[in-house]
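Engineer: coords please:
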Amino acid sequence: MDVSVHPKFFEWLGWLGFILIIAAYFFLTIKLLNESSAYYHIMNLIGALCMVANAKHNGAKPLFWLNVVWAIVAMMGLFQLSTD
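Structural biologist: Below is the predicted model of the structure:
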């Protein structure tokens, strides 16, 4: 089965990831969210996964691995929240 995607799909995905990660940090900075907020970790997790897909598509290995680690850290934050 051949699934075609819009030529700009991975670029848009990368921008979405960028916006989510920057917004999470901005909201943390202005104290709209805190580091123990599930929203903060979810925004980082989804943003990082979007960036992983973009980096994989573009062959950007350092960016790929940075965001894999970023996603793992976000998952650790969510796990920690679920055990508190």
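
Engineer: Pull the number of nearby residues for residue 17.
Structural biologist: Close neighbours of residue 17, defined as other C-beta atoms under 10 Å, add up to 23. The C-beta positions use only the backbone N, C-alpha and C, and glycine is treated the same way.

Engineer: let me redo that: residue 33
Structural biologist: 19.

Engineer: Next up, phi/psi of it, please.
Structural biologist: Dihedral angles of residue 33 (phi, psi; degrees, to the nearest 10) stand at phi -130, psi 160.

Engineer: For it, give its distance to residue 74.
Structural biologist: Per C-beta to C-beta, to the nearest Å, residue 33 is found 13 Å from residue 74.

Engineer: swap in residue 17?
Structural biologist: Distance from residue 17 to residue 74, by C-beta to C-beta: 12 Å.

Engineer: Between the two, which contacts overlap?
Structural biologist: With contacts taken as C-beta atoms under 8 Å, 6 or more residues apart in numbering, the residues that reach both residue 17 and residue 74 are residue 48.

Engineer: Return the list of helices and strands in contact with the lengthiest helix in the chain.
Structural biologist: Assignment by DSSP state H gives helix 61-83 as the longest helix of the chain. Under the contact definition 3 or more C-beta pairs under 8 Å, 6 or more residues apart in numbering; DSSP states H and E, helix 61-83 sits against helix 38-58.

Engineer: With that, I have no additional questions.
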